[in-house]
Every structure is written in structure tokens, then in C-alpha cells.
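> got a predicted structure here, sequence first:
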Amino acid sequence: MADVLTITRPDDWHLHLRDGEVLPHIVPATALQMGRAVVMPNLKPPVTDVHQALAYRERILAHVPKGRQFDPLMTLYLTDNTTPQIIAEAGASEHVKAVKLYPAGATTNSDSGLTDLGKLDDICAALTEANMPLLVHGEVTHNHVDIFDREKQFLDDILVPLVARHPHLKLVVEHITTKEATEFVNAHGDHVGATITVQHLAYNRNHMLVGGIRPHLFCLPVLKRNIHQQALQDAVISGSAKFFLGTDSAPHAKGAKESACGCAGCYSAYAAIELYAEIFEDLGVLDKLEGFASFYGADFYGLPRNTDTITLVKEDWQVPMEMAFGQDVIVPLRSGETLRWKLRQ
Ligand SMILES: NC(=O)N[C@@H](CC(=O)O)C(=O)O
Ligand SMILES: [Zn+2]
Ligand SMILES: [Zn+2]
């Protein structure tokens, strides 16, 4: 088995960088690996127009290590006040690449999200016109729907009719977690894709709940049963260009996760490509890593593929138990464990 793996530089098509005093601890991790990242807009308050997105982008760029060319691809947060005019402005801007739909109450900082999904039609028409993708956190939020069924129900109730009404809309179902989501994506044309995280490939709900509750594996959409994990693994094994890398790396301070009401989100960006490499190798498809990590997302967004490369070497290293996070600390995914691949810097 090869001990050195050189691939085209990857991109992260779903990333939370947060803001303020944690940026110096969070931005370099991704900038050292990835050429670009789609930066999620769920700040407090959320990023809702081009002006705010460009200001946030500058705050991010201030923490990119010298000598690295890292391009943050910005997104706007859809609220009840988003207009087709705002979408058109985003479409005309060089640095805003997509719009993110959070159903109100679905996840971290989603309280400004869309309360009336009926408003989506005008937005989708404007997005189609601008050839910009709609990124969705695909979960319904009704109290009576079981948390493990919320993604499937969103597909059935919202996305199936939406893509039927907007057949040319580019749609990314973010951080998919179910067999049904892989089927939905596969059943549609090239304009429907999905991101897949490290944690949803590597774990199922047993890992989170058997033998004690592991708050650092809690993210949204929540880990599902093993047949769903296997469906996601099958999606990447298939090598289909509809599925691409999106870490959904979502750091929260240790205390906010190890709490009576713990926050959702896993921090994987510190070693994103190494973590995916290990999974792809375990699945016997290391040769499919480059397409998933470096080609298919760029192709979907209609952006050029990166032209430089990164090299991973087979070298055991131990993940720290904690990492700096502003005044706080964060517990990274696989903290204290040994990883097999290391990015050569
Ligand atoms: N994935 C998560 O569990 N959390 C994300 C929000 C999100 O992507 O849904 C976060 O911002 O913390
Ligand atoms: Zn989400
Ligand atoms: Zn996310």
C-alpha cells in the first residue's frame, strides 16, 4: 500500500469558521489544507447581504497564514426578509457563491431562518436566474416529527416538490445522513448534489450513545442507524460526482458541548483531509478520494479545479485532547486518538 498520496488540493464545500477571537485558531487549519471553502453564514447576527458577506470575508482573510492562497466562498443566510433583489446582487458579486436555507429552529443559530417555506419559490426563481446554488439544512422542525425522521420528511415534504417546481435550480443537500437522501440525490440530474461529512461516514448513532453519551459526536442532522451510515459509504464508494466533501466542521467550546444542553457540531477541520483519507482507505477506495475531495464540488459549482497539489504521508500522529478556541478550548473529533495520515506541510 502506498505510503505517500499526492492529490489535487481539496476544497471544503461546507464549513463553519465562526467569527471574532476564535478566527485566528480556526481559519489557519482549513487554509493550510483547502484551496477554498464554502463558509456558512450562521453567525450571530447572520450574514444576510453581500455587504456583510464581504466584510466577514475580510475578517477571515486576515487570519490566512502567509504564503497560502485561500479563497473563502461566501454564502448568504436566507431569512424571511431575503428578496430576489438581494439574490441578484449576490449573483453579481465575485465572492458570494450560494444561499443557505435553514428552516427556523433546525440547528445552531437558525432562529433567523425561514419560517414560511412558501416564500421559497421567488427565491428559487432568482437563484436559477443567477445560476447560484441553494444549500439546504434539510430537516423539518415540527415537534411531532421524531428527530431521526426529520431529514427524510424534509425530502418528501419540501425538496421533492421544490425540485419539481424548479427543475433547473442547483441544489446541494448539505451534510446528508440517510439512505433516503442518497436516493433523492441519485434520482435527480446533475444539478442536485450533496455534501458528506467525516462524522456521518465514520459513525452511526451507536457510537454516540452506547456505553455512555458522547457529546462530541452530537451534530445535526444527528447520526443515524448503521444502515444509513452504510448508504453514505456506498455513495462515496460509487465514485458518483454528485457527492463531495463538506466537513460541516462546526466548533463549539468544550463547555458548551459537555453540558446539560450540549450544542450540536463536530470539529474536524484541523485534519479534514487526513480524516477522510483514513475512511476512504478503510473502505478500500483511496483512489476515489481525489474526485470527492478535489474535483466534484468545483465541477458542481462551475468553478475551476485547483491546480496545485497536497501530499499526505503515512505517519501515525496523536490528536491533541484539546485545542485553543479564543479564550476557550475545543475538543476535536477523535481527540487523543491516533491518525494514520499526515499532511506534509
Ligand atoms: N452541524 C451542526 O451540528 N452544527 C452547525 C450548524 C449546522 O450545520 O447545522 C453549527 O453551526 O454548529
Ligand atoms: Zn446544518
Ligand atoms: Zn453546517
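Sure thing, it's come through. Ligands and ions are numbered 1, 2, ... in the order given.

> around ligand 1, pick out the residues from the stretch 101-250 of the chain.
Thr107, Thr108, His137, Cys219, Leu220, Asp248, Ala250 (CB under 6 Å from any ligand atom). C-beta coordinates here come from the backbone N, C-alpha and C atoms, glycine included.

> redo the residues you listed as TSV? Include distance to ligand 2.
Shown next, in TSV, are these (distance: CB to the ion, whole Å):
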residue	distance to ligand 2
Thr107	5
Thr108	8
His137	4
Cys219	8
Leu220	6
Asp248	6
Ala250	8
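
> quick one: mean pLDDT for stretch 92-109?
Averaging pLDDT along stretch 92-109 gives 92.

> start the count at 545, not 1, going forward
Sure, I'll start counting at 545 from here, so that last one is stretch 636-653.

> tell me the buried residues in it?
637, 639-647, 650-653 (16 or more other CB atoms under 10 Å).

> what residues does stretch 839-851 touch?
Residues outside stretch 839-851 that contact it (CB atoms under 8 Å, 6 or more residues apart in numbering) are 552-555, 557, 579-580, 617, 641-642, 675, 677, 714, 716, 734, 737, 739, 785-790, 838.

> buried members of these into PyMOL, please.
Per 16+ other CB under 10 Å, the buried members of the contacts of stretch 839-851 correspond to this PyMOL selection:
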select buried, resi 552+553+554+555+557+579+580+617+641+642+677+714+716+737+739+786+787+788+789+790+838
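
> helices - which of the contacts of stretch 839-851 land there?
Among the contacts of stretch 839-851, DSSP state H puts none in helices.

> so which of the contacts of stretch 839-851 are in strands?
Within the contacts of stretch 839-851, residues falling in strands by DSSP state E are Thr552, Trp557, Arg580, Leu617, Lys641, Ala642, Val716, Gly737, Thr739, Phe787, Phe788, Leu789.

> farthest pair within these?
Spanning the widest gap among the ones in strands among the contacts of stretch 839-851 are Thr552 and Ala642, at 21.7 Å by CB to CB.

> rebuild the ones in strands among the contacts of stretch 839-851 as CSV, extending it with distance to Leu830.
Below are those laid out as CSV (distance: CB to CB, whole Å):
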residue, distance to Leu830
Thr552, 14
Trp557, 20
Arg580, 23
Leu617, 27
Lys641, 29
Ala642, 29
Val716, 25
Gly737, 22
Thr739, 20
Phe787, 16
Phe788, 17
Leu789, 14
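
> circling back to that earlier point, dump the buried residues of stretch 636-653 to TSV, plus secondary structure.
Shown next, in TSV, are the buried residues of stretch 636-653 (DSSP: H, G, I helix; E, B strand; the rest coil):
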residue	secondary structure
Ser637	coil
His639	coil
Val640	strand
Lys641	strand
Ala642	strand
Val643	strand
Lys644	strand
Leu645	strand
Tyr646	coil
Pro647	strand
Ala650	coil
Thr651	coil
Thr652	coil
Asn653	coil
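
> so what strands line up beside the longest strand seen in the chain?
As assigned by DSSP E, the longest strand anywhere in the chain is strand 853-862. With DSSP bridges as the test, strand 853-862 is paired with strand 548-552 (antiparallel), strand 882-887 (antiparallel).

> residues in contact with that strand?
For strand 853-862, using CB under 8 Å, 6+ apart, the contacting residues are 545-554, 577, 817-818, 821, 880-888.

> ok, 6 Å please
With contact meaning CB atoms under 6 Å, 6 or more residues apart in numbering, strand 853-862 is reached by 547-550, 552-553, 821, 882-883, 885-888.

> and for stretch 615-622?
580, 582-583, 585, 590-592, 597, 601, 604, 634, 639-645, 658.

> make a ChimeraX selection of the buried ones in the contacts of strand 853-862.
This is the ChimeraX syntax for the buried subset of those, where burial follows 16+ other CB under 10 Å:
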select :549,552,553,821,883,885,886,887
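
> and the end-to-end length of stretch 631-644?
11 Å (CA to CA, to the nearest Å).

> let me redo that: stretch 750-757
Terminal residues of stretch 750-757 lie 10 Å apart, using CA to CA.

> roughly how far is that stretch from the heart of the chain?
Relative to its parent chain, stretch 750-757 has a centroid offset of 24 Å by CA atoms, centre = their mean, to the nearest Å.

> any idea of the mean pLDDT in it?
98.

> do stretch 730-744 as well
Mean per-residue pLDDT for stretch 730-744: 98.

> may I see the buried residues of that stretch?
In stretch 730-744, counting by 16+ other CB under 10 Å, buried: His732, His735, Val736, Gly737, Ala738, Thr739, Ile740, Thr741, Val742, Gln743, His744.

> show me the contacts for the fourth one.
I take that to be Gly737. Applying CB under 6 Å, 6+ apart, the residues contacting Gly737 are Val716, Lys786, Phe844.

> cool, and the last one?
With contact taken as CB under 6 Å, 6+ apart, His744 is in contact with Thr721, Leu776.
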